[in-house]
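Colleague: Attaching a predicted model along with its sequence, questions to come.
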Amino acid sequence: MTPVLRLLARRLGISLIVLVGVSMLIFGIARVIPGDPARIALGPNATAEQVDALRESLHLNEAIPVQYGYFVKDLLRGDLGTSLYTNRPVTQDIAQFLPATLELVLFAGILMVGIGLPLGIWSARYRGRWPDHVIRLVSLLGVSAPSFVWAVILMLLFAFFLPIFPIAGRISDIYEIERVTGFLLIDTLLAGNLAAFRDAFWHIVLPAFALAVSGIGQAARLTRANMVETYDKPYIEMAQAYGFRARRIARKYAFKPSLIPSLTIIGLDFAAMLGNAFLVEAVFAWPGLSRYGVAVILRKDLNAIIGTVLIISATFLIVNLIVDLLIAFLNPRIRYSQRGSS
Amino acid sequence: MRDVLRIEDLVLKFRGYTGVTEVLHGISLNIRAGERVALVGESGSGKSVTARIVLGQLQELRSAQVQGGLYFEEQDLNRLSRRQWHALRGTHMSMIFQDPTSSLNPVFTIGVQFTEVLRRRDPKLSKEAAAKRAGELLNSVSIHDHARVLNAYPFQLSGGMNQRVAIAMALANHPSLLIADEPGTALDVTVQAQTLHLMHDLVERTGTAVLFISHNLGVVREFADRIYVIYRGRIVEQGPTQAVFENPRHAYTRALMAAVPRITGGGVPEIQDMDGAFFDPLEVHGEDRP
Amino acid sequence: MKRTLVILLRNPLSLIGVILVALVVLSAIFADFIAPFPEHRGSVVDFVNFNKAPNATNIMGTDLVGRDLFSRIIYAFRISLVLGVVVLAIATPIGTLVGLFAGYVGGKTEFILMRLTDVFLSIPPLVLAIAMMGVLEPTLMNAMLAVTAMWWPWYARLVYNIARSEREEGYVLAAEVIGASTPHIALREILPNCLPAILTKMTLDMGFVIIIASSLSFLGLGVQPPTPDLGSMVAEGARYLPDSWWLTVFPGLAILIAVFGFNLVGDALREILGADQ
């Protein structure tokens, strides 16, 4: 077994343990709250018999560990229960709303890496000089406000005062796009409708950027910090003594060793956007998981709450797993070590 | 014989929060073609900064002020543009560092780094040609399993192996001057001796001049033709190795030599008692300057 | 300590940070004297002056029921700061103790405590708080509870990493040799070495707690009206963009300024104390 595979297996195992823990935690929170879920679900006008019947079918009369057992059994069959808000299976709701959120988060992730890392590299290369000061200030500003503030400011500037981008939504109503992946940027291309693709792309830019602002700042700050440390290493001094070009040192020889310790945190920040998407989706009326999530939370729709949190956590774990693999791929010490490092 | 490197009255000052500190108080030295010259002193005496000044690296720091004449292969370095000076690095002058393993980039293979060095001289060199050339160079430092070494990362090789690689890289582009800053001090004594021998033979064969920076008089005696002893930013004694060792004239040189025998290997000699005589004027042994 | 203060005040950026933090903290404390309309913190209605753009009387304009926005923002600082202080005052000791013992004791304790921490860290920060607020009643108390629940694991991680490396240090081994008890070593020997990192993180986190708390109330899951809160003010105003832009822009900038101030100070502290994590 290669070290990378071994690492993958280990991480997968830990992720599974953690996922079980998350499900217990969220299930526990949902069950210990005051009030009778069945009563909440049916509303104040339901009769006592109706409530009892629902309690029976939801296994609410059993001990909590037994309830959890039923929950896991259903979960393994891919059944997260029925949403009391939409009256549809929770899995079906999630399948409908998740792609929009994922598309937004992925787009924002690309912006975060594509803008944040170069800014950090630039800042480190000119450390102590004015480009560095400017970038540090801007990236600190970026991490200093929640994404809904950036969303509002960007919307005001670039959708109202300078009407460059559309104000809300994923795509203009005039386009009918067949749903294949749920990712509009892909589905429009699959449909061969370039005008629709352009329209969808135009719609996603502002919300994705609002979501990415603090991530860009964070990525730039982290990259800079790690690279400044790397610049003091003898191998960079050697590269300079051998006359390697400053730009090449920055982009290759100082960047790669610095990227490895940054990646874990960048991965976490990327995953945190799954949470922040709630805020941005609210501002731009983005039809994603957030609106569903907030709606079911306000209605105390327990099955849907558990399902939503579980799906987001699973996505989060998958992202972390991918980041770990990326690190293993970049870091020869892990690739060639006999035991996976932690 | 012509000088490969000539330094005249070099002064270095650092501007800091507390004001200006002078680190080098006007040192002069010269190295002729193919000559091995040692600059000997304790840590903090100004040896390493001298090397950085020759490479033009220290001048890029805004806090450093450098004055004095610097001549490399008869050209005035101070008159070169930054780009021209930069172009000399890794081609006409190169450098070997204290710890070979940490001076090689940990996340790139030896082959990648070797290619980059070779491309300093020949930017269009193909990967295959670079590998072939690197193989020949590794041969010259007695490494024969080229493919394995070139595909390895520095942490997969021993310190001695990395040192051989560093020597091969340093001489890859036939520099006329090699600056060796405490080479191999981080290695254990026998490995250090082996690699120094190797380096000695190679520079003799290629006719490369060496500025050998060290605190270790034992090593210097084996390696250098001529010695400059530096103390607190001043050259206090200079002359042919043999002459200096047989008849050290300056109080500081004598103290430095007295400190050596007690320390076997790479320990830094520590001269505890400051002596007023350490600030005596420069002692020059005969036959040194034409 | 004194040296730290001097450096903090000498650097122009951290000086700006100190000034911003001082402004926010002082205006929160003395809100009753600074706010031109202190009574507007509650549910006052003034339909004569509703939805007014910034003017001489109301420098940041008025909201939809005629309350002075500037006054409400100053009182909102009070809520944000109280929330931040309470959350950190509870989360930090809990996280520190968990991390300290997991890192120093090792073995089964380490495995269980750190896997527990991982579980909390595996839910995106905001989502956990949102989920908790979903099942709890949206009040200031519960918002603090939810944010605290998602916050302690970060301190556990931080302290755990330091404690684990300190475990092998000479002074710890020396203390073990002379027979010091586990709590003594953990609290008296290892903890002091974690303090600079903890302190720095707390300063930076003050800003993050304000961000998370305002995010909760932005979604309607935090502090409820009429209590003035920056997040819910932005949410209310967002519906009236772009015409009543002041309703969102000023509360939004207020968050930015407060958090930016804490971040500047935190960054400077991190550099001074050398506690890069």
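Modeller: Sure thing, it's come through.

Colleague: C-alpha only now, for contacts and for neighbours.
Modeller: OK.

Colleague: what's next to the helix or strand harbouring B:Glu222, contact-wise?
Modeller: Secondary structure from DSSP states H and E places B:Glu222 in helix B:217-223. For helix B:217-223, the external contacting residues (CA atoms under 8 Å, 6 or more residues apart in numbering or on different chains) are B:Arg36, B:Ala38, B:Val40, B:Leu196, B:His200, B:Phe212, B:Ser214, B:Thr241, B:Gln242, B:Phe245, B:Met257, B:Val260.

Colleague: Now the buried members of these.
Modeller: The neighbour-count test (16 or more other CA atoms under 10 Å in any protein chain shown) applied to the contacts of helix B:217-223 identifies B:Arg36, B:Ala38, B:Val40, B:Leu196, B:His200, B:Phe212, B:Ser214, B:Thr241, B:Phe245, B:Met257, B:Val260 as buried.

Colleague: Report the buried residues of the helix holding B:Glu222.
Modeller: Residues B:Leu217, B:Gly218, B:Val219, B:Val220, B:Arg221, B:Phe223 are the ones in helix B:217-223 that count as buried (16+ other CA under 10 Å).

Colleague: Mind checking what helix or strand follows that helix in sequence?
Modeller: Next helix or strand after helix B:217-223 toward the C-terminus (DSSP H and E): strand B:226-231.

Colleague: As a check, name the ranges of all helices in the stretch 101-250 of chain B.
Modeller: Secondary structure of the stretch 101-250 of chain B (DSSP state H, counting those that start in this stretch): helices located at B:110-121, B:127-140, B:146-151, B:159-171, B:189-206, B:217-223, B:241-246.

Colleague: Sorry, wrong one. I was asking about the stretch 101-250 of chain C.
Modeller: Listed in chain order, the helices of the stretch 101-250 of chain C (DSSP H, counting those that start in this stretch) span C:107-121, C:125-135, C:140-166, C:170-177, C:182-184, C:191-218, C:230-238, C:246-273.

Colleague: tell me which element residue 71 is part of?
Modeller: If you meant another chain, say so; for now it's chain A. Here A:Phe71 sits within helix A:64-76, counting by DSSP H and E.

Colleague: that answer is for a different chain, and I need it for chain C
Modeller: Applying DSSP H and E, one finds C:Ser71 within helix C:69-105.

Colleague: That helix packs against which elements?
Modeller: In this structure, helix C:69-105 makes packing contacts with helix C:12-29, helix C:31-34, helix C:107-121, helix C:140-166, helix C:191-218, helix C:230-238, helix C:246-273, judged by 3 or more CA pairs under 8 Å, 6 or more residues apart in numbering or on different chains; DSSP states H and E.

Colleague: where are the low-confidence patches of the stretch 101-250 of chain A?
Modeller: Within the stretch 101-250 of chain A, the set of residues satisfying pLDDT under 70 is empty.

Colleague: So which bits of it are right by chain C?
Modeller: On the criterion CA under 8 Å from any CA of the partner chain, chain C has as its neighbours in the stretch 101-250 of chain A the residues A:Leu140, A:Leu141, A:Ser144, A:Ala145, A:Pro146, A:Phe148, A:Val149, A:Val152, A:Ile153, A:Leu156, A:Phe160.

Colleague: winner for burial among the helices and strands packed on helix C:69-105?
Modeller: Using mean count of other CA atoms under 10 Å in any protein chain shown, the stretch among the helices and strands packed on helix C:69-105 with the largest mean neighbour count is helix C:230-238, at a mean of 25.

Colleague: Can you list the buried residues in stretch B:189-196?
Modeller: Of all the residues in stretch B:189-196, those buried under the rule 16+ other CA under 10 Å are B:Val191, B:Gln192, B:Ala193, B:Thr195, B:Leu196.

Colleague: now, the most widely separated pair of the residues you listed?
Modeller: Based on CA to CA, the longest span within the buried residues of stretch B:189-196 runs between B:Val191 and B:Leu196 and measures 8.5 Å.

Colleague: Now do the lowest-mean-pLDDT helix or strand in chain C and helix C:246-273, the angle between them.
Modeller: Within chain C, confidence by mean pLDDT, DSSP states H and E is lowest for helix C:2-10 among all helices and strands, at a mean of 75. Direction vectors for helix C:2-10 and helix C:246-273, defined by axes from the mean of the first three to the mean of the last three CA atoms, to 10 degrees, enclose an angle of 140 degrees.

Colleague: Helix C:2-10 and chain B, any residue contact?
Modeller: No - where contact is defined by CA under 8 Å from any CA, no part of helix C:2-10 touches chain B; the two come within 12.3 Å at best.

Colleague: what residues does that helix touch?
Modeller: So helix C:2-10 is contacted by C:Ser14, C:Leu15, C:Val18, C:Val265, C:Ala268, C:Leu269, C:Ile272 (CA under 8 Å, 6+ apart).

Colleague: and what of stretch A:75-94?
Modeller: A:Ala41, A:Phe71, A:Asp74, A:Leu289, A:Val296, A:Arg299, A:Asp301, A:Leu302, A:Asn303, A:Ala304, A:Gly307, A:Thr308.

Colleague: what do you get if the cut-off is 10 Å, keeping everything else the same?
Modeller: Residues from elsewhere that reach stretch A:75-94 (CA atoms under 10 Å, 6 or more residues apart in numbering or on different chains): A:40-42, A:58, A:69, A:71-74, A:96, A:288-289, A:292-293, A:295-297, A:299-308, A:310-311.

Colleague: Only the buried residues of that stretch, if you could.
Modeller: The neighbour-count criterion (16+ other CA under 10 Å) identifies A:Asp79, A:Leu80, A:Gly81, A:Thr82, A:Ser83, A:Leu84, A:Tyr85, A:Pro89, A:Val90, A:Thr91, A:Asp93, A:Ile94 as the buried residues of stretch A:75-94.

Colleague: Just name the closest of those to C:Glu176, please.
Modeller: Top of the list for closeness to C:Glu176, among the buried residues of stretch A:75-94 and by CA to CA, is A:Leu80 at 51.5 Å.
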